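*Asks:* Need the 3D shape of this:
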Amino acid sequence: VLQKKKTFSSGAVMQEIVAQLRSSRRLDRDKGVSALSALLKECSGDQERLNSTVAAAEAAMLQLLQEGKEWEARHGALCACPLLLRSGGCSGGFPEQLAETAAQLLSDEESRVRIEAGVVLAVLCETQGVGYYPRFARDTILSHIRDNLERSPNQDIPAAFLQQQQQQKEEAEADMAMRADSPGPFGDQASAIFHESAGWKTLETGSRALWEIIKVCGRNFAPFMDSELLDLVFASLRHTNRFVRETAYYACGELCDVVDYVNEDKNAALTSEEFAARMAPQLAVGLSDNWSQVRMASSVATRRFLLGMPCARRPQFYPLLLPRMCLNRYYVAEGVRLFSQESWRQIAEDQGKDLVETYINETVDFYIMQTRAENHAVREAACACIAELGAKISPEVLRPHVRILLQVLEDCFKDESWPVRDAACIASGRFIKSCPDEAKDCMDNFYRLFFQHVGDNIWSVRENAAVALGCVMDAYGESAVAKVCENLRASLPAAKDQPSVSTANAGLENVTQFGVAADSEGGARRVVYNKAAFDSHHADPQHTDQQMYSCGSLAPKLKRGAGCCDTGFRRPQEPWEKTDGAVYLLRELSMRSAKSVEEFFPVLADICALRHFKHHFNMLETVWKQLPIIAEHYGKKPFKQFLEPFIEHLHYSLVSSHNLAKAAAAGCAQQIGKLIGPSILKGRVDMFNPSYTPAFAQVLSQPVQPLREQRGLPGAGLAMPDMTLHRAPGGVFRTGAAHQVS
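*Replies:* Numbering: from 1, shown residues only. Predicted coordinates for the structure are as follows:
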């Protein structure tokens, strides 16, 4: 009686599981898989009951797989089959029936069914032996890959997609009819866009099935890893569709684990030496791919490739792979960047700097090539890497390459992407400081570029250009200080000439991802600030209900600068921006020649009194953040004589409604109070205007925040990872100096 009750209970549960597995909702199908797992676990202690339950489930799954109505039933059954295969109670004929059915479903119309069919075939190879691969899967999978590698340009593209792309292309061409040098945001060919991102029938899922099988078979797959297989996988690596390339690189990572470099498998189709020689160039291509997902997959495969072989065999591949791994430590995609940094630590250990110096020729050549890449994020990473060379590599090793690298960086100053220009500032400054003799001949051009970028539209570019000029002053001493002082005399008071209507973001075309774009007539656009709209908090029409783009999407691609012309892609510099950049430059000057700062304190106080333009709060924020640093380097006692003119303007910011300027003013008051003494500052304020005392007393009573000497980070805001490995307390590996080189 008890056995009948258990059988009846299991049958009712099985009916409910089958109903869930054929549901149109993914959540219900997942619940069905979980319920089957729980049922098998419950039966695991009773072999007879387990066998009967598995037999009932096998019949139900085969019936679901043969249903031709809805794909959800086939998908649910395929998701559940791995549980049966691993349960230990499968009947003798079920695995073969399932293998035949799964191989047929690799060509199912629904991609999710094809993916799960590949997983089932992999589990069959895992539980029934690797022999299931040649019997049921190999020919089908390889034919799916081989037969779908190519197709005609407009094949399978929906008419609606083509119509939409044509309409968007016509609109883009109309908007930029006068800008012949700029492509439309969606390119010239709708087919190229579609084939780059859309599915390719069974090509991707076939590659994924192969990936899953190799993963579970491990080194038992070695007899089947022959030249034909590698040719197909490598052809997928060169495919136009990024998802196909990504899947193929993950398959390459599994293939790297199949090879045994120590104990050669006599049954292997390829020797380890042949495999490594063919695989390394393919990995190098993937490490430079335009898409982050493909770079990530290739980075995973490269780590497994190098760590899987003895250390003595790695150096032959270093010239090809190390420069690419080194650059990806700065790549904009965080996953790629962090994974590459960890790979560098595992592979280079504490020899990172020595390895780069050993292969400096290959590294420099690759960095130069990447500064000319179409992808602006790659150009930015290349500039950051060049900055790292200037900061960490010994001058003797770097000296033969300084001139060509400076020439490349000079070209990067003309880039449309402001992070590239930002990184170029830092890199140039570090190189000039590292090798001043080699840079002398090109300093006229760099002085012009540095001073121009000190007044750039982007605040971080202004600051990093000032930091670079600080490196120049370190390199050339008094002659550079004199040039900086000459520039400050003209640029620091520039805000006095600022019109009352300043440039805002409104009115700029959304045709770039970074920087400020030119107008449709080809010239730089000066935007009129609508004071009424700003004061009434109306939404800016240029930034409301507009199309947004994600990183790496179909958004407009920013081009490199060309020739000697580096204008047309930014609006003209505003006078207040020149003053704002000059404040950063004054900070750098105070660190090198404190006595030279004295003449600029009255001018600095005068520009703080300007209130006639909208962005004066932005300028005041910069002044308040840099003034304590300038004062500290100038000296406590001599600075006191220049303090009084700043008190009124500090109070103006402290009681303002502009939160950033208010916070900066509070920090400035605290730091100055710490420098000269809080009571002395309060006394000076009370003598100047007693009504200002409460505002100052409130901020001086709060904890003092640490003073930062500079906000600019090397490499346009990217943390600079160490080339060498440091072991922190407790055995945890970390990069040194908070990832930053000072």
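
*Asks:* rest of the way, CA atoms for contacts and neighbours
*Replies:* OK.

*Asks:* was I right about residue 417 contacting residue 378?
*Replies:* No. The criterion here is CA atoms under 8 Å, and residue 417 misses it with residue 378 at 11.1 Å.

*Asks:* Off-centre distance for the helix or strand containing residue 41?
*Replies:* Element membership for residue 41 (DSSP states H and E) is helix 26-43. Taking CA atoms, centre = their mean, to the nearest Å, the mean C-alpha location of helix 26-43 is offset from the chain mean by 39 Å.

*Asks:* What residues sit buried inside that helix?
*Replies:* 28-30, 32-33, 35-36, 39-40, 43 (16 or more other CA atoms under 10 Å).

*Asks:* The stretch 351-500 of the chain: helices as residue ranges?
*Replies:* Listed in chain order, the helices of the stretch 351-500 of the chain (DSSP state H, counting those that start in this stretch) span 352-358, 360-370, 376-392, 395-398, 402-412, 418-434, 436-439, 443-453, 459-476, 478-491.

*Asks:* which of these is buried the deepest?
*Replies:* helix 418-434 (a mean of 29; mean count of other CA atoms under 10 Å).

*Asks:* who's in contact with that helix?
*Replies:* Applying CA atoms under 8 Å, 6 or more residues apart in numbering, the external contacts of helix 418-434 come out as 376-377, 379-380, 383-384, 386-388, 390-391, 395, 402, 406, 409-410, 412-415, 439, 450, 458, 460-461, 464-465, 467-472, 474-475, 514-515, 714-716.

*Asks:* Tell me what angle that helix forms with helix 376-392.
*Replies:* 20 degrees (axes from the mean of the first three to the mean of the last three CA atoms, to 10 degrees).

*Asks:* got the angle between helix 418-434 and helix 443-453?
*Replies:* Using the same axes, to 10 degrees: helix 418-434 against helix 443-453 is 140 degrees.

*Asks:* Now do helix 418-434: distance to the chain's middle.
*Replies:* 19 Å.

*Asks:* Could I have the CA atoms of that helix written out in PDB?
*Replies:* Extracted in PDB, the C-alpha atoms of helix 418-434 (Å, rounded to 0.1, in the frame of the first residue of the first chain):
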ATOM      1  CA  TRP A 418      38.600  64.400 -25.500                       C
ATOM      2  CA  PRO A 419      39.700  61.400 -23.400                       C
ATOM      3  CA  VAL A 420      42.300  60.700 -26.100                       C
ATOM      4  CA  ARG A 421      43.500  64.300 -25.900                       C
ATOM      5  CA  ASP A 422      43.500  64.000 -22.100                       C
ATOM      6  CA  ALA A 423      45.700  60.900 -22.100                       C
ATOM      7  CA  ALA A 424      48.000  62.500 -24.700                       C
ATOM      8  CA  CYS A 425      48.600  65.400 -22.300                       C
ATOM      9  CA  ILE A 426      49.700  63.100 -19.500                       C
ATOM     10  CA  ALA A 427      51.800  60.900 -21.700                       C
ATOM     11  CA  SER A 428      53.600  63.800 -23.400                       C
ATOM     12  CA  GLY A 429      54.500  65.300 -20.000                       C
ATOM     13  CA  ARG A 430      55.900  62.100 -18.700                       C
ATOM     14  CA  PHE A 431      58.000  61.500 -21.700                       C
ATOM     15  CA  ILE A 432      59.400  65.000 -21.800                       C
ATOM     16  CA  LYS A 433      60.300  64.700 -18.100                       C
ATOM     17  CA  SER A 434      61.800  61.300 -18.600                       C
END
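
*Asks:* Model confidence for residue 691, exactly?
*Replies:* The score at residue 691 is 94. That number is its pLDDT.

*Asks:* Residue 587 and residue 573: what is the separation?
*Replies:* Applying CA to CA, to the nearest Å, the value for residue 587 to residue 573 is 21 Å.

*Asks:* meant to ask about residue 277, not that
*Replies:* 53 Å.

*Asks:* neighbour count winner among these two?
*Replies:* Neighbour count, other CA atoms under 10 Å: between residue 277 and residue 573, residue 573 has more, with 16 against 12.

*Asks:* how far away is that one from residue 454?
*Replies:* 10 Å.

*Asks:* swap in residue 668?
*Replies:* Residue 668 is 23 Å from residue 454, where distance means CA to CA.

*Asks:* and if you look at residue 498?
*Replies:* Distance, residue 498 to residue 454, using CA to CA: 17 Å.

*Asks:* What of residue 99?
*Replies:* Taking CA to CA, one finds residue 99 at 67 Å from residue 454.

*Asks:* and these two? which has more neighbours close in?
*Replies:* Ranked by neighbour count (other CA under 10 Å), residue 99 and residue 454 place residue 454 first, with 31 against 23.

*Asks:* Look up phi and psi at that one.
*Replies:* phi -60, psi -20 (degrees, to the nearest 10).

*Asks:* residues in contact with the closest residue to it other than its chain neighbours?
*Replies:* Ranked by CA to CA, 6 or more residues apart in numbering and with sequence neighbours excluded, the top spatial neighbour of residue 454 is residue 462, at 4.2 Å. Taking CA under 8 Å, 6+ apart as the criterion, residue 462 is in contact with 453-456, 580-581, 584.

*Asks:* Mind doing that once more with 7 Å?
*Replies:* Residue 462 makes contacts with 453-456, 581, as judged by CA atoms under 7 Å, 6 or more residues apart in numbering.

*Asks:* Which of the residues you listed sits closest to residue 81?
*Replies:* residue 456 (61.8 Å; CA to CA).

*Asks:* is it true that the closest one touches residue 573?
*Replies:* Yes. Under the criterion of CA atoms under 7 Å, residue 456 makes contact with residue 573 at 6.3 Å.

*Asks:* Show me the shaky parts of the stretch 551-700 of the chain.
*Replies:* Across the stretch 551-700 of the chain, the ranges flagged by pLDDT under 70 are 551-571.

*Asks:* And the helices in it, which stretches?
*Replies:* Counting by DSSP H, counting those that start in this stretch, the helices of the stretch 551-700 of the chain are 575-592, 601-608, 616-634, 636-640, 644-654, 659-676, 678-688, 693-700.

*Asks:* other SSEs contacting the last one?
*Replies:* The helices and strands touching helix 693-700, judged by 3 or more CA pairs under 7 Å, 6 or more residues apart in numbering; DSSP states H and E, are helix 659-676, helix 678-688.

*Asks:* closest one to residue 240 among the ones you listed?
*Replies:* Nearest of those (CA to CA): helix 659-676, 47.0 Å.

*Asks:* angle of the closest one against helix 644-654?
*Replies:* Using the same axes, to 10 degrees: helix 659-676 against helix 644-654 is 140 degrees.

*Asks:* Give me the contact list for stretch 614-630.
*Replies:* So stretch 614-630 is contacted by 502, 580, 583-584, 587, 590, 608, 610, 660-661, 664-665, 668, 671-672, 709 (CA under 7 Å, 6+ apart).
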